[in-house]
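Participant: Need coordinates for the following:
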Amino acid sequence: MKIRKKSTSIPNRIIVAGLLVLLQIGFFILVEMTMSSAATVLYRAFEILALVLIFMIINTRGNPDYKMAWVIFIILSPFVGGVLFFLWGNGRVKPILKKRLAAFRKHYRRLLTQNREVSEYLEQQDILHARQSQFLYRESGYPVYTDTKVEFYAPGEDFFPRMLEELENAEKYIFMEYFILVKGEMWSKIHEILKRKAAAGVEVRIIFDDFGSITRQGRNFVKKLRSEGIKVLAFNKIRASVDLLLNNRDHRKICVVDGYVSMTGGMNIADEYININSPHGYWLDSSVILKGAATTSFVVAFCEMWSSISREKMNAAKYVIREFPKCGGFVQPYMENPLDTDHYPAEGIYRQILGTAKDYVYIMTPYLILDNTMIAAVTSAAKAGIDVRIITPKKKDKWYVHPVTRFNYEELLEAGVRIFEFTPGFIHSKVFVSDDAVATCGTVNMDYRSFYFHFECGAWMCGTDAVTDMRDHFFDVQEHCEEILLETWKKRPWYRKFGQALLNTFAPFM
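Facilitator: A predicted model of the protein is given here:
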């Protein structure tokens, strides 16, 4: 198979938007320099306002590491730091999107009532895992289900044929929501099915993130799809303004077929995810296919997002199935939403799993950018004798992120955590598995962006065969990893330590 070279072309809209944003930030800096040199009353007044802003930041709820980063920025540059905080800080969601999300959430969440028999049955099985489920329901509003079969797939080239098979089986509708959806061999095979299904009367709707997808879609991508009867929306379109709000991206990966089958995991729609033209060596990712009642949550999540972007009130109830074949185990999809600044289900369930583990917790994540709370959860588990292992990539996809991932190694290793780096390429899986009993698989990285700024999703599982499948997969991947040893790691060059520490200062913005 001939491997194509990765395109380096960037649409003019990206270039223009980026330049205009830089010009606007440059203007703020110029204004501050002018005010400072003139020692104007206005500048002094703004310094006072900056102190008030710092007081407000310190005394509001939120991650202390993230707040501290903004405080330092505002102290160093009161005017620019203050302006940018109001535009980008505090996990701010675009006002119009925030308003729509709140309105449509109330409309759709009536479909997500927790079945008391299911939750009580989980309590009877294991009270600690029932507490994890209760936490997720309280934080995200999505219930736990039985009657859901779970299939776990890794790597991407194993999952993709199953995805195509489920798309081919669609009779009523197909919903797809992806951070990256771009042209290539993977998309061509999916597109052929979607086009054919739409022509046959199957309802097809697609959401993609504008920032994640635009550079590789080509001209008239959306226009062509719409001409084929496929409904398409772009999330948070890139505009030439300093209020780009790039923090708020739709990082979810959701595919729903007929209200019965749903898919999620780390995989986007791009060739590298099935190891065609992978730019970082072998690309390792994972996904789950849910068949049954838990698909209801993904239906509701998709309808909420579609309505929030388009203002179209979908009749979500008609897309929901009420009767499913009986199946053992428990499955609980959950959504991360920057609108909920007091609720962090994704980070919270990771801490819950670490805090209630009896024997082991195995983690796969492409990024390991941790705040003090998460570091404490990981190290406390290891110090308590839990076998905590983490697999991260040896090859980086972002030069400024990888050193921050590695900055955390020393503290974790000292606590007894075992760290492995995947050597053949880049590992993009986001998997937690513990005690042969519970696991999560989804889109949530262990970093600030996933925990606080992005729209994310995942599935918590308890007592399903997929849990032990994930455990076995972890051991398979570990065989292709290099273990990081504490004594060797401490001997890395001083300039590397300095670079990692310097970049870690900006970790809350990564």
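
Participant: what's near enough to touch Thr365?
Facilitator: For Thr365, the contact set (Cβ atoms under 8 Å, 6 or more residues apart in numbering) comprises 390-392, 427, 429-431, 445-446. (Glycine included, C-beta is placed from N, CA and C.)

Participant: just checking, which of those residues belong to strands?
Facilitator: 390-392, 427, 431 (DSSP state E).

Participant: from these, which two are the most distant?
Facilitator: Greatest spatial distance in these: Thr392 and Val431, 12.2 Å, computed using Cβ to Cβ.

Participant: Looking at the contacts of Thr365, spot the one nearest Gln478.
Facilitator: For the contacts of Thr365, the nearest to Gln478 is Ile391 (6.6 Å; Cβ to Cβ).

Participant: Confirm for me that that closest one is in contact with Ile427.
Facilitator: Yes: with contacts counted by Cβ atoms under 8 Å, Ile391 reaches Ile427, the gap being 6.1 Å.

Participant: what sits in contact with each of these two?
Facilitator: 364-365, 477.

Participant: Can you add secondary structure, distance to Gly259 and pLDDT and give those residues back as a markdown table?
Facilitator: Output for the shared contacts of Ile391 and Ile427, formatted as a markdown table (DSSP: H, G, I helix; E, B strand; the rest coil; distance: Cβ to Cβ, whole Å; pLDDT from 0 to 100):
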| residue | secondary structure | distance to Gly259 | pLDDT |
| --- | --- | --- | --- |
| Met364 | strand | 30 | 98 |
| Thr365 | coil | 31 | 97 |
| Val477 | helix | 33 | 97 |
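
Participant: and these as a markdown table, adding distance to Gly141?
Facilitator: As requested, those are exported to a markdown table (distance: Cβ to Cβ, whole Å):
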| residue | distance to Gly141 |
| --- | --- |
| Met364 | 27 |
| Thr365 | 25 |
| Val477 | 33 |
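
Participant: tell me which of those residues is nearest to Ala199?
Facilitator: Using Cβ to Cβ, the shared contacts of Ile391 and Ile427 come closest to Ala199 at Met364, 39.6 Å.

Participant: and the closest one, how many neighbours?
Facilitator: Residues within reach of Met364, counting by other Cβ atoms under 10 Å, total 30.

Participant: and which of the ones in strands among the contacts of Thr365 is nearest to Glu312?
Facilitator: Val431 (34.8 Å).

Participant: does that closest one really touch Ser286, like I thought?
Facilitator: Yes: between Val431 and Ser286 a contact is recorded at 5.9 Å, counting by Cβ under 8 Å.

Participant: residues bridging contact with those two, i.e. touching both?
Facilitator: Counting by Cβ under 8 Å, 6+ apart, the common neighbours of Val431 and Ser286 are 364, 441, 470, 473.

Participant: Mind putting these into JSON lines with distance to Tyr452?
Facilitator: What follows is the shared contacts of Val431 and Ser286, written out as JSON lines (distance: Cβ to Cβ, whole Å):
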{"residue": "Met364", "distance to Tyr452": "21"}
{"residue": "Cys441", "distance to Tyr452": "21"}
{"residue": "Met470", "distance to Tyr452": "26"}
{"residue": "His473", "distance to Tyr452": "28"}
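
Participant: burial of the closest residue in space to Gln217 that isn't next to it in sequence, as a residue count?
Facilitator: Closest residue in space to Gln217, ignoring its immediate chain neighbours: Val182 at 5.6 Å, by Cβ to Cβ, 6 or more residues apart in numbering. Using other Cβ under 10 Å, Val182 has 22 other residues around it.

Participant: mind listing what the closest residue to Thr405 other than its chain neighbours touches?
Facilitator: Once flanking residues are discounted, Thr405 sits nearest to Leu368: 4.3 Å by Cβ to Cβ, 6+ apart. Leu368 makes contact with 390, 392, 405, 408, 446-447, according to Cβ under 8 Å, 6+ apart.

Participant: try 7 Å
Facilitator: Counting by Cβ atoms under 7 Å, 6 or more residues apart in numbering, Leu368 touches 390, 392, 405, 408, 446.

Participant: With Trp306 instead?
Facilitator: 205, 207, 233, 312, 314.

Participant: now these as CSV including neighbour count and pLDDT?
Facilitator: Listed next are the contacts of Trp306 as CSV, based on neighbours: other Cβ atoms under 10 Å; pLDDT from 0 to 100:
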residue, neighbour count, pLDDT
Arg205, 19, 98
Ile207, 23, 97
Leu233, 19, 96
Glu312, 12, 88
Met314, 18, 90
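
Participant: Let me know the closest of the residues you listed to Met305.
Facilitator: Ile207 (6.0 Å).

Participant: For that closest one, give its distance to Ala234.
Facilitator: To Ala234, Ile207 is 8 Å away according to Cβ to Cβ, to the nearest Å.

Participant: sorry, back to before: higher neighbour count, Ile391 and Ile427?
Facilitator: Set side by side, Ile391 and Ile427 show more neighbours around Ile427, with 31 against 24, by other Cβ under 10 Å.

Participant: So the more buried one sits against Pro393, correct?
Facilitator: Yes: here Ile427 reaches Pro393: they are 4.7 Å apart, a contact under Cβ atoms under 7 Å.

Participant: Now list whatever residues contact both of these two.
Facilitator: Pro366.

Participant: helix, strand or coil for Phe85?
Facilitator: Of the three states, Phe85 takes helix under DSSP: H, G, I helix; E, B strand; the rest coil.

Participant: sorry, back to before: for the residue nearest to Thr405, list each beta-bridge partner.
Facilitator: When bridges are called by DSSP bridges, Leu368 pairs up with Met446.

Participant: Against Ile238, how distant is it?
Facilitator: Taken as Cβ to Cβ, the span from Leu368 to Ile238 is 28 Å.

Participant: Secondary structure element holding the nearest residue to Thr295 once chain neighbours are set aside?
Facilitator: Once flanking residues are discounted, Thr295 sits nearest to Ser262: 4.0 Å by Cβ to Cβ, 6+ apart. Using DSSP states H and E, Ser262 sits within strand 261-265.

Participant: Adjacent strands (with direction) for that strand?
Facilitator: Each strand paired with strand 261-265, and its direction, by DSSP bridges: strand 253-257 (antiparallel), strand 287-292 (antiparallel).
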